[in-house]
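1. this one's sequence-less:
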């Protein structure tokens with residue numbers, strides 16, 4: 001546990017010598033350079049947290065060798081390229097964060113997100129075929145999308161007989177309450193279909 005220590009420099013490949021290592025947390029430091037591919041040899045690793053650093057380059061496909069990995073957090077760095085399929089399809093991965101890397105993209109073959117992992121709606125595919133990338137009931141206020149069972153999607157969640165709807169989602173005017181103090185109204189682009197969505201009041205017709 002070396003998070004929040006203002007560590008600088010690059011990740012040394014010598015870390016791979018720690019072959020009994022189970023958890024490595026170097027998040028919220030100032031580390032730069034690339035992620036060493038040799039980390040993929042730490043086959044006992046279950047947690048790897050490198051979020052909120054200045055890491056660049058691509059995600060090494062060798063991380064896909066870490067079959068015991070349950071938590072992989074690479075968000076808020078400067079990573080680029082595509083998420084390797086070998087990584088996103090790790091069998092035990094339950095937490096997988098890569099958001100906050102503007103140059104990191106998904107491809108048709110590698111954009112597969114593990115169950116309950118953070119995803120991008122309309123782009124990502126969930127590893128379980130009948131699961132969806134959607135907003136959960138507890139994430140409506142922050143509009144966070146994750147891979148979850150279809151029936152567990154929270155675009156509309158019942159609470160005290162009131163329907164709370166995520167921002168930019170379809171809503172029923174005068175019935176639903178929008179997250180973030182948005183309002184349920186018709187946008188100029190939807191005036192002919194009269195479709196109502198949750199949006200800022202200034203965007204309403």
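-> Cool, got the structure. Keep in mind it's a predicted model, so treat the numbers as computed, not measured. Numbers count the residues shown, from 1 in each chain.

2. Show me which helix or strand of this structure is least confident by mean pLDDT.
-> When the helices and strands of the chain are scored by mean pLDDT, DSSP states H and E, strand 156-159 comes last with a mean of 47.

3. residue ranges with poor pLDDT in the protein?
-> Residues of the chain that meet the criterion pLDDT under 70 lie in 105-112, 114, 123, 127, 137-138, 141, 151-152, 154-164, 166.

4. centroid residue for it?
-> In the chain, the C-alpha closest to the average C-alpha coordinate belongs to residue 118, at a distance of 2.8 Å (CA atoms, centre = their mean).

5. thought it was touching residue 97?
-> Yes: applying CB atoms under 8 Å, one finds residue 118 in contact with residue 97, separated by 5.6 Å. Quick note: C-beta positions are derived from backbone N, CA and C, even for glycine.

6. So for these two, which residues contact both of them?
-> Counting by CB atoms under 8 Å, 6 or more residues apart in numbering, residue 118 and residue 97 have no contacts in common.

7. residues in contact with the residue nearest to the centre of the chain?
-> The contact partners of residue 118, by CB under 8 Å, 6+ apart, come to 96-99, 144-146.

8. Which among those residues count as buried?
-> Buried members of these, scored by 16 or more other CB atoms under 10 Å, are 96-98, 145-146.

9. Angles on the backbone of residue 170, please.
-> Note on residue 170: its backbone torsions stand at phi -60, psi 140 [degrees, to the nearest 10].

10. Write down the beta-bridge partners of it, one by one.
-> As for beta bridges, residue 170 partners with residue 197 under DSSP bridges.

11. Quick check: it vs residue 187, distance?
-> Distance of residue 170 to residue 187, computed by CB to CB, to the nearest Å: 11 Å.

12. residues shared between the contacts of those two?
-> 195, 197.

13. Residue 40 and residue 67 touch, don't they?
-> No: at 10.6 Å, residue 40 does not count as touching residue 67 under the criterion of CB under 8 Å.

14. Compare the two and say which is more crowded by neighbours.
-> Legend: neighbour count by other CB atoms under 10 Å for residue 40 and residue 67, higher for residue 40 (19 against 11).

15. Dump the buried ones among the contacts of residue 118 to CSV, plus secondary structure.
-> Converted to CSV, the buried ones among the contacts of residue 118 look like this (DSSP: H, G, I helix; E, B strand; the rest coil):
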residue, secondary structure
96, strand
97, strand
98, coil
145, strand
146, strand
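
16. Tell me the one among those nearest to residue 29.
-> Among the buried ones among the contacts of residue 118, residue 97 lies closest to residue 29 (CB to CB), at 16.2 Å.

17. Helix, strand, or coil at the closest residue to the closest one other than its chain neighbours?
-> Excluding the flanking residues, the one nearest residue 97 by CB to CB, 6 or more residues apart in numbering is residue 75, at 4.1 Å. What three-state DSSP gives for residue 75 is coil.

18. try residue 104
-> Classified using three-state DSSP, residue 104 is strand.

19. And for residue 62?
-> helix.
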